[in-house]
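Asks: Any chance you could fold what I've pasted below:
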Amino acid sequence: MTSAIVLPVILALGLIGRHIARARAGRLYTGRGSLHSMPGHHGWHMALWIIVPALLFWALWSAIVPGLVESAVLAQPVAARLPAMDMERQAVLAEARELADNPAAAAFNPLASELAGPLHDADLRYGVAGGMLTLMLAFAGGAYGFTRVRAGFPARTRMERAVMFALLLASLIAILTTVGIVASLLYETGLFFSRISPVDFLTGLHWAPKDAATGEDFGAVPLFWGTLYIGAVIAMVVAIPLGLMSAIYLTQYATAATRKVLKPMLEILAGVPTVVYGYFAALTVAPLIRDLAIMLGKENPSTESALAAGLVMGVMIIPFVSSMADDSIAAVPQAMRDGSLAMGATRSETIKRVLLPAALPGIVAGVMLAVSRAIGETMIVVMAAGAAARLSANPFDSMTTVTYQIVQLLTGDQEFDSPKTLSAFALGFVLFIVTLILNIVALRVVKRFREAYE
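Replies: Take a look at the predicted model:
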């Protein structure tokens, strides 16, 4: 009995139980104050007692069934012919699993064909057993919930506690996910720094990671320079003026009809997949930058360059700057605008000397969020910036970034216990710390902004 059958049956039983409990609670109502809770609360209380225990048991059963099925199959006489090596054995069992799920599939291993039948029977047997136990638990929970349908039973209080617990669980999932990410990064980074000195990693100028290498080969300064130069310098030179000027135009000069058209068109930039920006950078912008470098006298310029990646990245994050600046300018009280205009200031003077200074905290927050988004970008850098780790201020040179190196180090057949692979986690941890700091600064600036004008 599979999940496709058990789960709908559990949900159907829960709805049936809800209607039964609601109808019974309705019959208990005899006047004002006769029931502690509404009939709907009693109905949902019984539905939860049917659904929640049954779903928890089914999830637990689904987690342990693969082990039970494998044990049952290995107990068959034919399993004695399985290879001794665990990897080969698992390959045969995986093929048997595919044949059990799809008998029409082609079999490459005769032993897998022989094991497919016992595996299918064990799956069916444990599936039926688990389904029956789950339904029995659902009926038991429903029976208990039905006995709670009484005039004085606080079903509403129990339901509110259940909802509060669900909200708490949802928030804890987000928190625990973050904790798990940080813990995994810390563990792998600790393994790397146990072999390579953190000082050499954070201050070294030569990046050439190898499986058997010293700290001199893991100098990450060129990677951090390329990341900041592309994401925080070139991209911001594009994004800040264009984003800020577009926000000023949309809030102060554009008519309602114009804003209704231009604002969604600008927001579309935020929804374009980064791989599309990468293609645009590699196929359109990069050749133009190369031709420009030739015109300026640079010999044999590379198609990949920091300028190409930075320009496209700047276009990508314009909506981040524009949206935050738009909201910040619009949040400035109308009285400040009217007072400036009443004193004889022109519209441009009001914007420069009143609106922008008042909206500056929100604008700065938008810029910080855009920077954190830019330095974490991967696809544009992979397709347009290059792989050379170098310290250079020439925007026509190819450069690499932290995200590019992480992709390179973790793709393909890698040994995850070598310093070369572990360096990817160290790079990720440092990048995580940098973006975390930027986001904290941005949130504090936003908090200050809201306190000023709420």
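Asks: Next, the contact list for Met316, please.
Replies: 235, 269, 272, 274, 277, 374, 377, 380 (C-beta atoms under 8 Å, 6 or more residues apart in numbering). Glycine gets a C-beta too; all of them are placed from N, C-alpha and C.
Asks: buried subset of these?
Replies: Restricting those to buried positions leaves 235, 274, 277, 374, 377, 380, with burial counted as 16 or more other C-beta atoms under 10 Å.
Asks: farthest pair in the residues you listed?
Replies: Ala235 and Thr274 (12.9 Å; C-beta to C-beta).
Asks: any low-confidence regions in the stretch 201-350 of the chain?
Replies: Scanning the stretch 201-350 of the chain for pLDDT under 70 picks out 211-215.
Asks: could you say what helices and strands whichever strand or helix holds Ala4 packs with?
Replies: Ala4 is located in helix 3-28, with elements delineated by DSSP states H and E. Judged by 3 or more C-beta pairs under 8 Å, 6 or more residues apart in numbering; DSSP states H and E, helix 3-28 is in contact with helix 39-74, helix 110-147.
Asks: Can you classify Phe416 as helix, strand or coil?
Replies: With DSSP: H, G, I helix; E, B strand; the rest coil as the basis, Phe416 sits in coil.
Asks: got a list of what the closest residue to it other than its chain neighbours touches?
Replies: Leaving out its chain neighbours, the residue that sits closest to Phe416 by C-beta to C-beta, 6 or more residues apart in numbering is Leu422, at 7.5 Å. The contact partners of Leu422, taken as C-beta under 8 Å, 6+ apart, are 188-189, 191-192, 195, 416.
Asks: hmm, back to that, dump the buried ones among the contacts of Met316 to TSV, plus secondary structure and distance to Ala143.
Replies: Putting these into TSV (DSSP: H, G, I helix; E, B strand; the rest coil; distance: C-beta to C-beta, whole Å) gives the following:
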residue	secondary structure	distance to Ala143
Ala235	helix	63
Thr274	helix	54
Tyr277	helix	59
Ala374	helix	59
Glu377	coil	57
Ile380	helix	60
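Asks: Closest to Ile406 out of the residues you listed?
Replies: Using C-beta to C-beta, the buried ones among the contacts of Met316 come closest to Ile406 at Glu377, 12.1 Å.
Asks: you'd agree that closest one is up against Thr227?
Replies: No - Glu377 lies out of contact with Thr227 (C-beta atoms under 8 Å); the separation is 9.3 Å.
Asks: could you dump the contacts of Met316 to JSON lines with distance to Trp49?
Replies: Shown next, in JSON lines, are these (distance: C-beta to C-beta, whole Å):
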{"residue": "Ala235", "distance to Trp49": "55"}
{"residue": "Leu269", "distance to Trp49": "50"}
{"residue": "Val272", "distance to Trp49": "48"}
{"residue": "Thr274", "distance to Trp49": "47"}
{"residue": "Tyr277", "distance to Trp49": "51"}
{"residue": "Ala374", "distance to Trp49": "51"}
{"residue": "Glu377", "distance to Trp49": "49"}
{"residue": "Ile380", "distance to Trp49": "52"}
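Asks: hang on, the earlier thing: where's the helix holding Ala4 relative to the chain centroid, distance-wise?
Replies: Counting by C-alpha atoms, centre = their mean, to the nearest Å, helix 3-28 is centred 35 Å from the centre of its parent chain.
Asks: Tell me the buried residues in that helix?
Replies: Under 16+ other C-beta under 10 Å, the buried positions of helix 3-28 are 6, 10, 13-14, 17-18, 20-22, 24-25.
Asks: do stretch 259-266 as well
Replies: By neighbour count on 16+ other C-beta under 10 Å, the buried set for stretch 259-266 is 263, 266.
Asks: distance between that stretch and the chain's centre?
Replies: Here stretch 259-266 is found 27 Å from its chain centre; the criterion is C-alpha atoms, centre = their mean.
Asks: Just the residues contacting it, thanks.
Replies: With contact meaning C-beta under 8 Å, 6+ apart, stretch 259-266 is reached by 246, 250, 254, 318-319, 322, 326.
Asks: let's go with 6 Å and repeat that
Replies: Contacts of stretch 259-266 with the rest of the structure, by C-beta atoms under 6 Å, 6 or more residues apart in numbering, involve 250, 319, 322.
Asks: Show me the one in those residues that has more neighbours than the rest.
Replies: Ser322 (27 neighbours; other C-beta atoms under 10 Å).
Asks: Pretty sure it sits against Gly243.
Replies: Yes - assessed by C-beta atoms under 6 Å, Ser322 is found in contact with Gly243 at 4.1 Å.
Asks: Quickly, which of the helices and strands packed on helix 3-28 bottoms out on average pLDDT?
Replies: Here the lowest mean pLDDT among those goes to helix 110-147, at a mean of 84.
Asks: So which bits of that one are buried?
Replies: Buried residues in helix 110-147 (16+ other C-beta under 10 Å): 111-112, 114-120, 122-123, 126-127, 130-131, 134-135, 137-138, 141-142, 145-146.
Asks: for it, packing partners?
Replies: Judged by 3 or more C-beta pairs under 6 Å, 6 or more residues apart in numbering; DSSP states H and E, helix 110-147 is in contact with helix 3-28, helix 39-74, helix 86-101.
Asks: I'd guess Gly344 is in a helix, am I close?
Replies: No - in this structure, Gly344 is coil, not part of a helix, as judged by three-state DSSP.
Asks: For Val233, see how far away it is.
Replies: Separation of Gly344 from Val233 (C-beta to C-beta, to the nearest Å) stands at 40 Å.
Asks: Please apply the same query to Leu172.
Replies: Distance, Leu172 to Val233, using C-beta to C-beta: 39 Å.
Asks: more crowded one of these two?
Replies: Val233 (17 against 11).
Asks: now that one, what's its secondary structure?
Replies: helix.
Asks: dump the residue contacts of it.
Replies: Applying C-beta under 6 Å, 6+ apart, no residues contact Val233.
Asks: Any figure for the gap between it and Leu311?
Replies: From Val233 across to Leu311, the span is 12 Å (C-beta to C-beta).
Asks: for Leu48, same thing?
Replies: In terms of C-beta to C-beta, Leu48 sits 55 Å off from Leu311.
Asks: So which of the two has more stuff around it?
Replies: Between Leu48 and Leu311, counting by other C-beta under 10 Å, Leu311 is the more crowded of the two (24 against 18).
Asks: moving C-terminal of the helix or strand harbouring the more buried one, what's the next helix or strand?
Replies: According to DSSP H and E, Leu311 maps onto helix 306-316. Sequence order places helix 318-331 as the next helix or strand after helix 306-316, per DSSP H and E.
Asks: Show me what that next one is packed up against.
Replies: helix 235-248, helix 256-271, helix 356-375.
Asks: Swap in 8 Å and give it another go.
Replies: The helices and strands touching helix 318-331, judged by 3+ C-beta pairs under 8 Å, 6+ apart, are helix 235-248, helix 256-271, helix 356-375, helix 419-453.
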